[in-house]
Every structure is written in structure tokens, then in C-alpha cells.
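Colleague: Could you work out the structure for the sequence below:
(one chain, ligands or ions: 1)
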Amino acid sequence: MLYYAGTVYFLRHEVRLRAKKHLGQNFLINPHYIEKLAASIHVAPGVPILEIGPGKGAITSLLAQKTDALFAVEKDHEAVAYLRQTLASHRNITLIEADVLKFDLASIAVPETLMVAVGNLPYNIASPIMLKILRNNRFFSAGYFMLQREVGDRLLARPRTKEYSFLTVAINTFARVHRLHLVPPGVFSPVPKVRSVFMHLAIRKETRLADSDIDNYFSLVTTAFSQRRKKVINTLCHRYHEDKVRQFFSEGRIHDTARAEELSVDEYLGLFKAVS
Ligand code: SAM
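Modeller: Residues are numbered from 1 along each chain as shown. Now for the predicted structure:
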């Protein structure tokens, strides 16, 4: 009878929570790593946490010990139903069934208090999720994200390398990036085909761009990298006011033969201000 009850529980919960590839579900299953990751997440007293994609809650209750208010946004209806039962005793956890890319982050923001975002992210949409957090940088002091190793490398890339890209510039405009842990595939189920890395994004306190300028800035950086083998001045002159672009290059330290990968984050910010 006990076995039967256990089997029913298993069928109701575990089987229904079989990993869904389209949701990027690779669940953390190694307790040692789960504790190691949680231990490297620093949350000051009174700071709310946003967990993106709690899944089966591998790290959720450890996060709940670090805060008075944990908001967990999960798209998978079945995972949310499972978490509603398993996390029912945690009064400080608010489960939200939503697509984080469509979710209004302002709805959970507390005035004058910056949140910490955490997530073992679905790798297929990790970049848009991070960009969304940074578009909303006014609500956050930090992000801790599990990423595909190659994406982590791009966040840390230096100018003049092949990894230096739109994502590098976009993320580093708003955050200082640190690599915390390399994470082996065997700590997830199912085992991913790619290697993983746990990263810390410390959101910069200074405002470098007005909120209303962020999308236009991202658009400029995207344009610059759209033809990374060409001189960036030529790529930009097709899209922006040619005189302003040429004047920026003539005044600055950047040679007019430079390619997109040679400009630093500060130079992109300067360029954006010059052509806006
Ligand atoms: N945090 C869990 C863990 O570490 O075991 C699960 C991590 S799994 C890599 C990614 C999680 O994000 C899954 O639970 C998946 O359902 C969820 N997810 C995928 N796309 C999402 C979206 N657009 N919005 C919110 N959650 C999403």
C-alpha cells in the first residue's frame, strides 16, 4: 500500500515533471553543487530575490533562507503546480506562473529597494532574459545566472577577440561581470550537451543611459556588430547621421579603420551620445 501511494505520488509529480526540452529544462540534481551555488549568492538583509525558472525548486528553498521576499517566476504550469505543494510552508515565497520575458518586473519592485535576480536559466533564451534584467537595471543590484559556458565567455570577452560581441557590450554597459564556478554537465538532469558556468553580474550603480535610450543604444551596438569584418564607421554611416558619426571618429582616439570588435564599452556609449 505504501509502495502504491508512493507510486501514485511519483506518477503525479515526477513523471509529469519530465524535463521539457522546449523550456530548456535541465534540472540541478547534485546537492553538493546546489549548496555551493547557493553559498556564492550574496543577498543583503531586506533585499528581495527574483528567481527565474525555479523548475522543481532545486535551489528555491535555499534562496528563501536568504530573504524575506522571494518571487519565483516559472512558465511551466506543471512545475508551478508541483511547487505550490512542495513550497506551501514557505510564507515568504510568491510563485508566479508567467513567461519572464513578458512579465512586468515593475509589478514586484519595491520602491527604494534593489532586487537580486537568480536563475539556472533556460539556455535557449538566456541572453534575452539577461538583457531584460539589464533593461530594468533600475530594479536590480545583481544577477546570478547559470549559463552555457560559451555565453559566459562572451560576457567576459575583451575587445579584439572573436568572443567580443553585441552581448559583451550590452551586458558590460550595465554590469561588472565575474565568473563564479565552472559547472560540470553531470550535476543536471537531463545531462546537457554543453558545459555550464555560474556568473555574477554586479549591476553598476551609476546611470549610464536613460531608460528611454536603452533600446536605441542596443540597436546601435547591434548595427555595429552586424558587419563585424567591415569598418564600423561605414556600417554606422548607412544608418546614422553621417556627419555626426565621422565627427565622433575624428575627435576621438578611435581610428576610422576600426572594426566593431575594437571599440570599448565606453566608446560605444560615447558614440551613442554623439549620434543621438
Ligand atoms: N531552477 C531549476 C533548477 O535549477 O533545477 C530549473 C532550471 S531549468 C534550466 C530552467 C527553468 O526555466 C525551467 O524550470 C523552465 O520551465 C523555466 N523557463 C523556461 N522558459 C521560461 C520563461 N520564458 N519564463 C519563466 N521560466 C521559464
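Colleague: Look at Val47 and give its secondary structure.
Modeller: For Val47, the secondary structure call by DSSP: H, G, I helix; E, B strand; the rest coil comes out as coil.
Colleague: who's in contact with it?
Modeller: 67, 113-116, 141 (C-beta atoms under 8 Å, 6 or more residues apart in numbering). All C-beta spots, glycine's among them, are computed from the backbone N, C-alpha and C.
Colleague: Okay, and which of the residues you listed map to helices?
Modeller: Nothing among the contacts of Val47 maps onto helices, per DSSP state H.
Colleague: quick one: average confidence on the longest helix along the chain?
Modeller: Looking across the chain with DSSP H, the single longest helix is helix 214-226. The predicted model assigns helix 214-226 a mean pLDDT of 97.
Colleague: Can you show me the CA trace of that helix as CSV?
Modeller: This file holds the C-alpha atoms of helix 214-226, laid out as CSV (Å, rounded to 0.1, in the frame of the first residue of the first chain):
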residue,chain,number,x,y,z
ILE,A,214,18.4,51.7,-23.8
ASP,A,215,16.6,50.1,-26.8
ASN,A,216,18.2,52.7,-29.2
TYR,A,217,21.6,52.0,-27.7
PHE,A,218,21.2,48.3,-28.1
SER,A,219,20.1,48.9,-31.7
LEU,A,220,23.3,50.9,-32.4
VAL,A,221,25.5,48.2,-31.0
THR,A,222,23.6,45.6,-32.9
THR,A,223,24.1,47.6,-36.1
ALA,A,224,27.8,48.0,-35.4
PHE,A,225,28.3,44.2,-35.0
SER,A,226,26.0,43.3,-37.9
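Colleague: the strands in the protein, which residues?
Modeller: Taking DSSP state E to define them, one finds strands in the chain at 27-28, 49-52, 70-74, 93-97, 115-120, 140-148, 175-183, 188-189, 196-203.
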